[in-house]
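Undergrad: Mind looking at a prediction? Sequence and model below.
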Amino acid sequence: MTNAPVSRSGRAALLRAAVLPATLAASLVLVPLSAAGTANAAGAATPAPTEAGPLRIHDVQGTTRVSPQAGKAVVGVPGIVTGVRAYGSSKGFWLQDPNPDADPATSEGVFVFTGAAPTVKVGDSVLVSGKVTEYYPSFSGGSQSITEITGPAVTVLSGGNALPAPVVVDTRNIPGTYTPAAAADGSIDSVALNPEKYALDFYESLEGMLVQVKDARVIQATDKYNELWVAADRQDQRSKRGGVLYESYREPNVGRLMVQQQAPVSQQPFPVANVGDVLTGTTTGPLDYNNFGGYTLVAGTVGALQDNHLQREVTAQAGERELTVATYNVQNLAATNPDAKFAELAQGVVTNLRSPDIVALEEIQDDNGSKNDGTVGASRTVAKFVEAVKAAGGPAYDWRSVDPQDGKDGGEPGGNIRQVFLFNPQRVSFTDIPGGTATTAVGVTGTGASAALTASPGRIEPADEAWTNSRKPLVGQFSFRGKKLFVIANHFNSKGGDQGIDSRFQAPVRSSEVQRIKQATVEQAFVAKLLAADKEAKVVAVGDYNDYQFSPALSALTKDGVLRDLVNELPETEQYSYVYQGNSQVLDHILVSPELGYAKYDVVHINAEFAQQASDHDPQVVRLKP
């Protein structure tokens, strides 16, 4: 599972370009701020206000997620400017009323969308006229909305005013229950906010207001967009290395907050932090919402970085009689990538995984990467990786794969990602059986000790609808010390299109899950066929399954005990291979058939928790005695 690369300003543009309901889209006015006022939707000038109008910000925000003033003009809304966003295409400023009402459900802050670099400054006391809109960063994707004043006319009354005191967000006030029940339409948009009972309501009641976290532990490393995640609530289940664990659909972690900063990095460096580091002191700014991180603290001030020196793990040394099998999603690796990426990935295989006997790689692209010209072969990409492993002191791996059909396996357009087996011929041999093609289904022949694949390498049911626009499982037959082993390399379809856990629809729809359940069902049937031919067959299924250990897809894959998911045998605090939206979670798995009782399994944490990553996934390895 990977995210398409988008610049920080590009992400802001994506937010502003999101689809809106027609009634709201009609009221969104993209015009620059003017001292004399702005043009309204009809083209007439909106006069700059000269006195406070009848409504305050809490009247604009209301007691639900959707403003009671949505689509209406407001005049002379007063407040203090608490933050300015002058980069990207979502330019504007945050406005907060220093005189709050007594209702905890009504926010005292709001974002004023100017469309151009705002001329106001933090500390200005202003009056704002404009139109109230509800902006959905991803309306069709289920995002919540941001209440905004658009097409503004602004009058500055004075400067240098004290800012309202920030609300300290921590364990004492974040509710332990994540979301309220939805209304009859499945949405929580119209449900009255109960900020003392539900975390999503608590954050919504603070939308646009100054908030603050103190001595905040980093739970997702700084990314290339200069964003990170912190744990505002210390009661969320902590991982062994400082993150927070995503353990079930029923109990999302309530204290996760994304942290950005208002000023571009060129003006104020953003901390480069790993999981487990701490932003000491206070981090303060308006509370925003975006489609990439949900509720986000847009910091005007960022705490000092306390580097807790997180180390990359090295797996245990295998014994001479132990076979080691690993899986590693190498994140769209192509021959056109810089040598440095190959070197870093190879170092992980050699040093941190200790040169496994068999390595299943996911996301190997064709030889010209994302160039979409019909190329499907990946021999240059794999050869470059093999040479990088040798240069890092590793073995001279041999390899096997099956080229996909052009454009049929999903992933980055033109990339033709596929799985590849690397193996050390000094330790293990590959049983080549001709006949494996992109469209040929591998079968099982023979019984007992004579059971074998009809093609090796081969693909499992490539024509089945379960694999439409998705990677087909690659299966190979190996031999170690005279013992036969079947290995399946997987990359199930991604979670793209799912509604987020912070969706306005509750429970969120996981639309991509339907296909993964089908994929798991097909693979389980293939493993069952192997075990029917030979009840002692030794099967290892590995890869990026893009789903959790508690998911319906993994339940379908392990049905009838044909495979057991080794991640469940780790200590709970070590069960993760990927970090997304502040959640340390399981996407990658190694599963084994019942005959493989001895299985020493390790998720080797070298990427997902670090700002500097060779891939966004952590690799895994298992030591077996076939």
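TA: That came in fine, so what should we check first?

Undergrad: Need phi/psi at E513.
TA: Dihedral angles of E513 (phi, psi; degrees, to the nearest 10) stand at phi -60, psi -30.

Undergrad: tell me the contacts of it?
TA: By C-beta atoms under 8 Å, 6 or more residues apart in numbering, E513 lies in contact with 498, 547, 551-553. The way it works is simple: take the backbone N, C-alpha and C, and place the C-beta from them, glycine included.

Undergrad: most surrounded residue in the residues you listed?
TA: Of all these, D547 has the most neighbours under the rule other C-beta atoms under 10 Å, reaching 30 neighbours.

Undergrad: How about the contacts made by the residue nearest to it when sequence neighbours are not counted?
TA: Once flanking residues are discounted, D547 sits nearest to A553: 4.4 Å by C-beta to C-beta, 6 or more residues apart in numbering. Going by C-beta under 8 Å, 6+ apart, A553 touches 492, 513, 516-517, 519-520, 545, 547.

Undergrad: mind running it again at 6 Å?
TA: A553 is in contact with 516-517, 520, 547, counting by C-beta atoms under 6 Å, 6 or more residues apart in numbering.

Undergrad: Name the member of these that has the highest neighbour count.
TA: Busiest of those [other C-beta under 10 Å] is D547, holding 30 neighbours.

Undergrad: Hmm, A48 is touching V156, no?
TA: No: applying C-beta atoms under 6 Å as the test, A48 and V156 come out as separate, 9.5 Å apart.

Undergrad: which one of these two has more residues nearby?
TA: A48 (19 against 15).

Undergrad: that's a strand at H589, yeah?
TA: Yes: under the criterion used here (DSSP: H, G, I helix; E, B strand; the rest coil), H589 sits inside a strand.

Undergrad: Use 309 as the first number for this chain going forward.
TA: Fine by me, first position is 309 from now on; the one you just mentioned is H897.

Undergrad: how close does it get to K792?
TA: 22 Å (C-beta to C-beta, to the nearest Å).

Undergrad: Show me which of the two is the more surrounded one.
TA: More crowded of H897 and K792, by other C-beta under 10 Å: H897, with 29 against 18.

Undergrad: Could I get the contacting residues of that one?
TA: Residues near H897 by C-beta under 6 Å, 6+ apart: 853, 873, 875.

Undergrad: In a markdown table: those, plus pLDDT.
TA: Shown next, in a markdown table, are the contacts of H897 (pLDDT from 0 to 100):
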| residue | pLDDT |
| --- | --- |
| Y853 | 98 |
| D873 | 98 |
| V875 | 98 |
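
Undergrad: Separate out the buried members of those residues.
TA: Among the contacts of H897, those scoring as buried are 853, 873, 875 (criterion: 16 or more other C-beta atoms under 10 Å).

Undergrad: what residues does stretch 910-922 touch?
TA: Contacts for stretch 910-922 (C-beta under 6 Å, 6+ apart): 529-530, 580, 582-583, 620-621, 623, 652-653, 656, 660, 885-887, 923, 926-929.

Undergrad: Of those residues, keep whichever come out buried.
TA: Among those, those buried by neighbour count (16+ other C-beta under 10 Å) are 529-530, 582-583, 620-621, 623, 652-653, 656, 660, 885-887, 923, 926-929.

Undergrad: Tell me if the residue nearest to D855 really is in a helix.
TA: Yes: using three-state DSSP, the secondary structure at A861 is a helix.

Undergrad: how much space between it and A815?
TA: Note on A861: its distance to A815, by C-beta to C-beta, is 17 Å.

Undergrad: And A760, by the same measure?
TA: 45 Å.

Undergrad: Which one of these two is surrounded by more residues?
TA: Using other C-beta under 10 Å, the more surrounded residue of A760 and A815 is A760, with 19 against 14.

Undergrad: Quick one: mean pLDDT for stretch 462-476?
TA: Average pLDDT, stretch 462-476: 98.

Undergrad: Tell me which residues of that stretch come out buried.
TA: Using 16+ other C-beta under 10 Å as the test for burial, stretch 462-476 gives 462-463, 471-472, 474-475.

Undergrad: among those, which are in strands?
TA: 462-463, 475 (DSSP state E).

Undergrad: which of these lies closest to T881?
TA: Proximity of those to T881 (C-beta to C-beta) peaks at V475, which lies at 30.9 Å.

Undergrad: any idea which helix or strand carries the residue nearest to the closest one when sequence neighbours are not counted?
TA: Sequence neighbours aside, V519 is the residue nearest to V475 in space, at 5.0 Å (criterion: C-beta to C-beta, 6+ apart). Using DSSP states H and E, V519 falls within strand 518-528.

Undergrad: Tell me the helices and strands packed up against that strand.
TA: Using 3 or more C-beta pairs under 6 Å, 6 or more residues apart in numbering; DSSP states H and E, the elements in contact with strand 518-528 are strand 536-539, strand 586-598.

Undergrad: So which of those has the densest surroundings on average?
TA: Ranked by mean neighbour count, the helices and strands packed on strand 518-528 are led by strand 536-539 with a mean of 27 (mean count of other C-beta atoms under 10 Å).

Undergrad: Need the CA coordinates for it. CSV is fine.
TA: The C-alpha coordinates for strand 536-539 follow below in CSV (Å, rounded to 0.1, in the frame of the first residue of the first chain):
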residue,chain,number,x,y,z
LEU,A,536,4.0,14.0,11.4
TRP,A,537,1.6,12.5,13.9
VAL,A,538,1.5,12.7,17.7
ALA,A,539,-0.3,11.0,20.5
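
Undergrad: Direction included, what does that strand pair against?
TA: Strand 536-539 has the following strand partners under DSSP bridges: strand 518-528 (antiparallel), strand 564-569 (antiparallel).

Undergrad: now it, how far from the centre of its chain.
TA: Here the centre of strand 536-539 is set off from its chain's centre by 13 Å, with C-alpha atoms, centre = their mean, to the nearest Å.

Undergrad: quick one: average pLDDT of that strand?
TA: Rounded mean pLDDT across strand 536-539 is 98.

Undergrad: What mean pLDDT does the helix or strand following it get?
TA: Heading C-terminal from strand 536-539, the first helix or strand you meet, by DSSP H and E, is strand 552-553. If you average the pLDDT over strand 552-553, you get 98.
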